[in-house]
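I would like the atomic coordinates for the input below:
(one chain, ligands or ions: 1)
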Amino acid sequence: MPFSNNTLTGRMEHAYYPIRELFPVAEEIKKTGAEIYNASIGDPVPYLGTAKYVTKAYCKALKEGKVSYSRSPGDFEFLDEIAKRYKRMYNLDIESSKIFVTQGLSEAVTFLTESLIDKGKGAVLFNPYYPTYAPTIKLFGGTVVLSSLNEENGWAPSKDDLEEKIRKAKSDGVDLRFILIINPNNPTGSMCSRKDLQDVVEVAKNNDLLIISDEIYDQIILVKEKMTCIGEVAKGVPHVIMNGLSKNWAGTGFRVGWVAIPEDDEASGNLREGLGNLVTMRLSASTPAQIAGIEALRNVKAHNRFLKYMVKNIRERAEFMQKRLNEIQGVSCQKVKGAFYLFPRIDLSRTNFKNDKDFCTELLRREHVWVTRGSGFGLDSHLRSTALPPVEILEKVAQGIENLMRC
Ligand SMILES: Cc1ncc(COP(=O)(O)O)c(C=O)c1O
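Got it, this is the predicted structure:
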């Protein structure tokens, strides 16, 4: 077919990322010189900066001319530091040869989905979910099966609902491959208890499904509860752990992530082989960013200092915003336990808006407040606000929402 007739494949209808959809509206407003109160993008760097010890290591690598390709699966020293981190934090023994460095966790998502999903296959996501996952599964022709998180129960997964959705998908003929967990969670700011995770592991085991755990916020914990890594409760059950420098190290622009496939069963081995081939096709992840990553993980003292500062600020902002949102008539927001997001429910029946997309677009146009619609994460009548901007800005965000709830 000539190029001019039909340039894109059918799958491109799924290439969509709702978090960035209001950029054109925001840019229009910015051109008028007006200020925008932005709580839409989960990037900690503009608000909290990146730890100096990490950026210094990056600059040093550049000065020393360390900008060649590196090993496709990742720099040996960096992989070793990642393995040591799992031992130190969770007492897990993961051989570094079972870990792959990726260009952000996002690339790990693409590689895993590419390896596991095609037409007729599917995966289970908990709803709401981080919006990269559903479109990626669909891009590869797969079916997305949604199991609802329980809002009233602090967004905990429901074992019954999970079992029911899997049973239904199987009876519809979907060849399910994995269950995805995001813990701590974007967009809800919740964190799974050990028991919640044990339940998911049990369901995965009973249904012969892989568990993939996105733990990119595993050190941004705002409460006294302890974070459980999936590896602690899934020994002997095939699982994958993903993480990266973007959030815990406030290093979004380094574009460094990793994926560990620790188990010794044959299917986990096949998956490692598949990933091993895919990483060679894109040659390597950034070399200077991996060198910065070595220092980021090795210098635990400096990291802990940075984390303390980052978590303290996020906690104050999240607590402020949660209280402020709950004061608004028609808005209710669960407690934030980890990451840096709030996901309030908005009672649209009190307003003239028919859905949260219209609400968010008007919020930006009229109040210059920029948050993301819940439906972009799979659940209408919700908003996602970050807890990253300073309290003065968050107050403007809450005030804008309050004003619009009266429309
Ligand atoms: C849950 C979750 N996973 C993955 C990512 C993307 O990570 P990366 O920057 O490492 O690609 C994000 C970014 O917001 C996220 O919230």
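
Residue of this structure nearest the ligand, please.
Distance from the ligand to each residue of the chain (C-beta to the nearest ligand atom) is smallest for G104, at 2.8 Å. In this view, the C-beta of every residue, glycine as well, is placed from N, C-alpha and C.

Does that residue touch K247 like I think?
No: counting by C-beta atoms under 8 Å, G104 sits too far from K247 to count as a contact (10.7 Å).

tell me the domain ranges of the protein?
Segmentation of the chain into domains, based on automatic domain parsing, reads 10-49+304-405, 52-301.

can you list those in JSON lines and add mean neighbour count and mean pLDDT?
Putting the domains of the chain into JSON lines (neighbours: other C-beta atoms under 10 Å; pLDDT from 0 to 100) gives the following:
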{"stretch": "domain 10-49+304-405", "mean neighbour count": "18", "mean pLDDT": "95"}
{"stretch": "domain 52-301", "mean neighbour count": "19", "mean pLDDT": "97"}
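
could you measure the residue of the chain positioned farthest from its centre against L364, distance?
Relative to the C-alpha centroid of the chain, counting by C-alpha atoms, centre = their mean, P2 is the outermost residue, at 38.9 Å. Separation of P2 from L364 (C-beta to C-beta, to the nearest Å) stands at 40 Å.

go on, F377?
If you go by C-beta to C-beta, the gap between F377 and L364 works out to 17 Å.

likewise H303?
Here the distance between H303 and L364 works out to 36 Å (C-beta to C-beta).

same check, this time on G141
34 Å.

need the contact list for K87.
Going by C-beta atoms under 8 Å, 6 or more residues apart in numbering, K87 touches D93, I94.

Figure out how far the helix or strand containing it is from the centre of its chain.
K87 is located in helix 76-90, with elements delineated by DSSP states H and E. Computed by C-alpha atoms, centre = their mean, to the nearest Å, the separation of helix 76-90 from the middle of its chain amounts to 21 Å.

what does stretch 322-340 give?
Relative to its parent chain, stretch 322-340 has a centroid offset of 20 Å by C-alpha atoms, centre = their mean.

Dump the C-alpha coordinates for it into CSV.
Backbone C-alpha positions of stretch 322-340 (Å, rounded to 0.1, in the frame of the first residue of the first chain) are rendered in CSV as follows:
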residue,chain,number,x,y,z
GLN,A,322,-5.3,15.3,51.7
LYS,A,323,-6.8,17.3,54.5
ARG,A,324,-7.6,20.3,52.2
LEU,A,325,-9.3,18.0,49.6
ASN,A,326,-11.4,16.3,52.2
GLU,A,327,-12.7,19.7,53.3
ILE,A,328,-14.2,20.3,49.9
GLN,A,329,-17.9,19.3,49.6
GLY,A,330,-18.3,16.4,47.2
VAL,A,331,-14.6,15.4,47.3
SER,A,332,-13.1,12.5,49.3
CYS,A,333,-9.5,11.4,49.4
GLN,A,334,-8.0,8.3,50.9
LYS,A,335,-4.8,8.4,53.0
VAL,A,336,-1.6,8.6,51.0
LYS,A,337,0.9,6.0,52.2
GLY,A,338,3.6,6.0,49.5
ALA,A,339,4.7,7.6,46.3
PHE,A,340,3.6,11.2,45.8
